[in-house]
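Undergrad: Requesting a structural model of the entry that follows:
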Amino acid sequence: MSKRLDENLGSVGFDNLITDSYPPTDVFSVQLAAGQGTSSR
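TA: Residues are numbered from 1 along each chain as shown. As a prediction, this is how the structure comes out:
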């Protein structure tokens with residue numbers, strides 16, 4: 001099996017989730033109970 005080192009395997013797109021550093025970002029965690037389904041950002 002030959003491996004190519006010059007091909008693009010994927011890319012990361014920016015979703016503008018964070019656009020600035022003001023006001024300062026609050027960091028917090030969320031706990032989900034089992035069986036609540038999927039969550040989005």
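Undergrad: Do you know the pLDDT at residue 41?
TA: Residue 41 carries a pLDDT score of 64 in this model.
Undergrad: That should have said residue 37, apologies.
TA: Value for residue 37, per-residue pLDDT: 76.
Undergrad: Neighbours of it, how many?
TA: Neighbour count for residue 37, taken as other CB atoms under 10 Å: 5. No exception for glycine: its C-beta is placed from N, CA and C like everyone else's.
Undergrad: State the distance from it to residue 19.
TA: 29 Å (CB to CB, to the nearest Å).
Undergrad: What distance do you get for residue 24 to residue 18?
TA: According to CB to CB, residue 24 stands 12 Å off from residue 18.
Undergrad: no wait, residue 30
TA: 17 Å.
Undergrad: The two: which is more packed in?
TA: Between residue 30 and residue 18, counted using other CB under 10 Å, the more crowded position is residue 18 (8 against 5).
Undergrad: Which residues are in contact with the more buried one?
TA: For residue 18, the contacting residues are residue 25, by CB atoms under 8 Å, 6 or more residues apart in numbering.
Undergrad: What strand or helix carries it?
TA: Following DSSP states H and E, there is no helix or strand that holds residue 18.
Undergrad: Where does residue 20 sit: helix, strand or coil?
TA: coil (DSSP: H, G, I helix; E, B strand; the rest coil).
Undergrad: do the same with the one 10 residues further on
TA: Three states are possible here, and by three-state DSSP the one that applies to residue 30 is coil.
Undergrad: For it, give me the pLDDT.
TA: Model confidence at residue 30 (pLDDT) stands at 81.
Undergrad: What separation is there between it and residue 23?
TA: In terms of CB to CB, residue 30 sits 20 Å off from residue 23.
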